[in-house]
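A.B. asks: Coordinates for the following, if possible.
(one chain, ligands or ions: 1)
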Amino acid sequence: MSAERSSTDPSRRRLLGALGAASFATLLPVARARASRPLGVALVGLGYYSRDLLAPALQMTRHCRLAGIVTGTPAKAKEWQRRYRLPDRNVYDYDGFDRIADNPDIDVVYVVLPNHLHKPFTLRAAAVGKHVWCEKPMAMDAAEARAMIDACQHHRVQLAIGYRMQHEPNTQAVMALAASKPFGRLQRIRAEAGFRGFDGASPDNWRLDPARGGGAMYDMGVYALNAARYTAGAEPVAVTATQEIERTDLFRGVDETMRFRLEFPEGVIADGETSFGRNMNLLRADCADGWYELSPFQAYEGVRGEASDGRRFDAVIGATPAQQARQMDADALAILEKRAPRVPGEEGWRDMRVLDAIFASARAGGSRMEIAAG
Ligand code: NAD
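C.D. replies: Modelled structure (predicted):
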């Protein structure tokens, strides 16, 4: 995927078409009023996700644009400045980041760093009065997530979490079934998200480092956990979890595979699994009078599924990175319209508290952990 896409790129026009004239028509009054100034976004951390997905997506968005970068690598800064025509005044290093306070070009700081840095950079961005978008997993634990929410509330800025699946139309169709229940009482959920990776990886890779939020559960498991919660349309009351490590040379202090069972009210059970050792990508709900599933349920494109009554979940929004463009446009519009984003900090916090219980259960050899109502 080339990062260089101009506004005249035919794929951009295809994308805008695919995003749907109808949905944009409803947004037009605001879009027109704000057309002269889409929100300026600064990406913090210029690794894989920023480079290959978010920056190209920001060339497609209508309500926000790439306005600045924060990086620890001067050579990267130069390359990005050339590619995206970013002026010197909108380029920061991590130490000088807080000067962004005085920069009117930047409205939103998007934290795309290793997981242990999500909280400190969210707090710093909020403290200088910038809205925050933060990648998943929101934080290292629920206490950090709560501190991030409190800081953003205190400084009156928005906080949205980068759960892109919740902006994907087939996922949204499945989410709606939790309330409409066309197949009767929900009984069981299965949610699996994982891939085979890291053979021959450097031991310095942060995804293998416990101190920087490594391991499959933080990285891919949050998709399965989040999906279990939105498919149930409820919060789990208890969890049991076990972890498994095959490649003991690679996975030291972080999980390679995690299996977890969530108990929801009314006897609904969700079995979740995540792995860095095995490919898996399924979300399935079994109900009293039928079933539905998405597979893949977690992918940059091609999310699709079916149900026992023959219905299909096959909406197409365009090629990668259309999902990321939808997410950022929706989150930008929420800021412009002064309303809550679709995936606010609280949604990330709800996952983090379950995640805390999953890790606690796995550490305790699979003991059942109750999750306090909150
Ligand atoms: P990456 O390793 O490719 O990039 C991380 C960036 O952070 C690099 O530019 C690196 O230089 C910088 N960095 C700063 N301090 C660092 C430190 N102490 N250790 C390591 N790197 C440091 O990672 P990525 O794949 O871009 O992931 C970044 C974040 O984005 C993660 O939170 C990840 O979960 C999330 N992500 C989300 C999606 C999604 O689909 N929503 C996809 C990929 C990654």
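A.B. asks: Look up the closest residue to the residue of the stretch 51-200 of the chain found nearest the ligand, ignoring the ones flanking it.
C.D. replies: Per C-beta to the nearest ligand atom, Glu135 is where the stretch 51-200 of the chain lies closest to the ligand, at 3.7 Å. Yep, even glycine has a C-beta here, placed from its N, CA and C like the rest. Excluding the flanking residues, the one nearest Glu135 by C-beta to C-beta, 6 or more residues apart in numbering is Gly162, at 4.5 Å.
A.B. asks: Check the gap between the nearest residue to Arg212 once chain neighbours are set aside and Phe198 for me.
C.D. replies: Spatially, and ignoring its direct neighbours in sequence, Arg212 is nearest to Trp206 (4.1 Å; C-beta to C-beta, 6+ apart). Per C-beta to C-beta, to the nearest Å, Trp206 is found 12 Å from Phe198.
A.B. asks: isn't there a helix covering Lys78?
C.D. replies: Yes. Assessed with DSSP: H, G, I helix; E, B strand; the rest coil, Lys78 lies in a helix.
A.B. asks: which secondary structure element contains Glu293?
C.D. replies: Element membership of Glu293, judged by DSSP states H and E, is strand 290-294.
A.B. asks: ah, wrong one, I meant Gly318
C.D. replies: Gly318 belongs to no helix or strand when assigned by DSSP H and E.
A.B. asks: next one: the one 5 residues further on
C.D. replies: Taking DSSP H and E as the definition, Gln323 sits inside helix 322-336.
A.B. asks: do the same with Arg146
C.D. replies: Assigning secondary structure by DSSP H and E places Arg146 in helix 142-154.
A.B. asks: what does that helix contact?
C.D. replies: 118-119, 122-123, 126-127, 132, 134, 138-139, 158-159, 345-346, 348-349, 352-353, 355-356 (C-beta atoms under 8 Å, 6 or more residues apart in numbering).
A.B. asks: separation between Tyr300 and the ligand?
C.D. replies: Computed as C-beta to the nearest ligand atom, to the nearest Å, the Tyr300 to the ligand distance reads 7 Å.
A.B. asks: Need phi/psi at the residue nearest to that residue when sequence neighbours are not counted.
C.D. replies: Leaving out its chain neighbours, the residue that sits closest to Tyr300 by C-beta to C-beta, 6+ apart is Thr320, at 4.2 Å. Thr320 adopts backbone torsions of phi -50, psi 130, taken as degrees, to the nearest 10.
A.B. asks: I'd say Thr320 and Val303 touch.
C.D. replies: No. Counting by C-beta atoms under 8 Å, Thr320 stays clear of Val303, with 11.5 Å between them.
A.B. asks: Isn't Ala201 up against Asp249?
C.D. replies: No. Between Ala201 and Asp249 there is no contact under C-beta under 8 Å: 10.5 Å.
A.B. asks: Neighbour count: those two, which is higher?
C.D. replies: Neighbours per residue (other C-beta atoms under 10 Å) separate Ala201 from Asp249, with Ala201 holding more: 13 against 7.
A.B. asks: Keeping just the C-alphas, turn stretch 276-292 into PDB.
C.D. replies: Extracted as PDB, the C-alpha positions of stretch 276-292 are listed here (Å, rounded to 0.1, in the frame of the first residue of the first chain):
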ATOM      1  CA  PHE A 276       0.300 -15.100  18.200                       C
ATOM      2  CA  GLY A 277       0.800 -18.700  17.300                       C
ATOM      3  CA  ARG A 278      -2.300 -19.600  15.200                       C
ATOM      4  CA  ASN A 279      -4.500 -17.900  12.600                       C
ATOM      5  CA  MET A 280      -8.100 -17.400  13.800                       C
ATOM      6  CA  ASN A 281     -10.800 -14.900  12.900                       C
ATOM      7  CA  LEU A 282     -14.300 -15.800  13.900                       C
ATOM      8  CA  LEU A 283     -17.200 -14.200  15.700                       C
ATOM      9  CA  ARG A 284     -20.300 -16.400  16.200                       C
ATOM     10  CA  ALA A 285     -23.500 -16.200  18.200                       C
ATOM     11  CA  ASP A 286     -25.700 -19.200  18.900                       C
ATOM     12  CA  CYS A 287     -29.200 -18.300  19.900                       C
ATOM     13  CA  ALA A 288     -32.300 -20.300  20.900                       C
ATOM     14  CA  ASP A 289     -33.700 -20.100  17.300                       C
ATOM     15  CA  GLY A 290     -30.700 -19.700  15.100                       C
ATOM     16  CA  TRP A 291     -27.200 -18.400  14.700                       C
ATOM     17  CA  TYR A 292     -25.100 -15.700  13.000                       C
END
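A.B. asks: Name the residue of this structure that lies nearest to the ligand.
C.D. replies: Gly47 (1.7 Å).
A.B. asks: Return the residues in contact with that residue.
C.D. replies: Neighbouring residues of Gly47 by C-beta under 8 Å, 6+ apart: Val112, Leu113.
A.B. asks: Distance-wise, check it relative to Leu262.
C.D. replies: 31 Å.
A.B. asks: With Asp329 instead?
C.D. replies: Distance from Asp329 to Leu262, by C-beta to C-beta: 32 Å.
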